[in-house]
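S.K.: Could you look at this predicted model? Sequence included:
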Amino acid sequence: MATKITTPKPLRPLKGVRILSLALNLPGPAAMMRLHAMGARCSKLEPPAPAALPAGTPGDPMGMYNLPAYATLHQGIRVMQADLKTAKGQATLHKALARTDVLLTSFRPSALDKLGLGWAGLKKRYPTLSMVAIVGAPGARAEEPGHDLTYMAEAGLVTGMDTPPSLYADMGGSLMASEAVLQVQMQRMASGKGAHMEVALSEAAHYLALPRNWGLTTAKGSVGGSHAGYRVYPCKDGRVAFAALEPHFAQRLMQAAGQSHSDVRSMSRPEAHAAVATFAKDKTRVQLDALSVAKDIPLFTLKG
């Protein structure tokens, strides 16, 4: 008789918490996607799309340059449109704020002030409202223009002429923003008053850069190329990423390659690198995948 596998019920720590987002592009919507998954009741107020575009076009630029991404990010999110620079838009905004627990924004501080959304004024008008403000850089630098690529470059994570393969600062910032919502909610539950937190994308990039700053991922670092068991090698019909970092994994890999393994230091020697490279070169992806299962070696094969 087959054993029935039950999927654990997801935790929903934000069940019933009402979140209103004014945040556009990627970090804010990505944060809302996670907050919705945690049970929050999420609404978003975005500007109207330019009149030249078809009716129903999202007002968020993300919906204009990548509609599939926009659709994924906004599943389960109630989306409304309003021009916050008009009296009608302001009325729509404040009607929503009156029943909101946490406001999420991604404007520069000066833009928030122009829209009447500075924290001092909001706190006075809505004492139990909390606010999480996503900015590019912290404090006095919050008015500086920037995007994911500039924050990644500042953190030392753009090392060549190619752009990074993902928008790490934006996505890291979205995680920090969703974490900040949890924090302000906990603070509100403890004090009965709203709280304010600022999340900077540049700080998210610097946080992601810590392993590099510590030397872990530099060329001489253990996960930057110096360890023969933690590298990408060409194989017969593609590539293989070995992650045999711990001594027992490294030992299994070296044994599979017909080599002895003495200690961690031996994995940085040129002969260890040469042995693994030679071993991988003659193996197909199917053979290497089978090796992973048979010998319990962490690896992942990729197309060439």
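M.R.: Okay, I see it.
S.K.: K114 and I77, how far apart?
M.R.: 26 Å (CB to CB, to the nearest Å). Every C-beta, even on glycine, is put in place using the N, C-alpha and C of the backbone.
S.K.: what ranges do the strands span in the stretch 151-300 of the chain?
M.R.: Using DSSP state E, counting those that start in this stretch, the strands found in the stretch 151-300 of the chain span residues 196-200, 230-235, 238-243, 299-303.
S.K.: Was I right to think D101 contacts L35?
M.R.: No: applying CB atoms under 8 Å, one finds D101 not in contact with L35, separated by 11.0 Å.
S.K.: Show the contacting residues for A228.
M.R.: A250, M267, S268, R269, A272, H273, A275, V276 (CB atoms under 8 Å, 6 or more residues apart in numbering).
S.K.: Filter the residues you listed down to the buried ones, ChimeraX style.
M.R.: The following ChimeraX line selects those of the contacts of A228 that are buried, judged by 16 or more other CB atoms under 10 Å:
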select :250,267,272,273,275,276
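S.K.: from the contacts of A228, which ones fall inside helices?
M.R.: If you go by DSSP state H, the contacts of A228 have A250, A272, H273, A275, V276 in helices.
S.K.: Contacts only, for the third one.
M.R.: Put plainly, it is H273. Neighbour list for H273: A228, R231 [criterion: CB under 8 Å, 6+ apart].
S.K.: re the thing from before, would a markdown table of the ones in helices among the contacts of A228 with distance to G194 and pLDDT be doable?
M.R.: Shown next, in a markdown table, are the ones in helices among the contacts of A228 (distance: CB to CB, whole Å; pLDDT from 0 to 100):
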| residue | distance to G194 | pLDDT |
| --- | --- | --- |
| A250 | 52 | 95 |
| A272 | 57 | 95 |
| H273 | 56 | 96 |
| A275 | 61 | 96 |
| V276 | 56 | 97 |
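S.K.: quick check, nearest of the residues you listed to P54?
M.R.: V276 (55.1 Å; CB to CB).
S.K.: Ignoring the adjacent residues along the chain, who's closest to that closest one?
M.R.: Distances taken as CB to CB, 6 or more residues apart in numbering place A228 nearest to V276, at 5.0 Å, with adjacent residues excluded.
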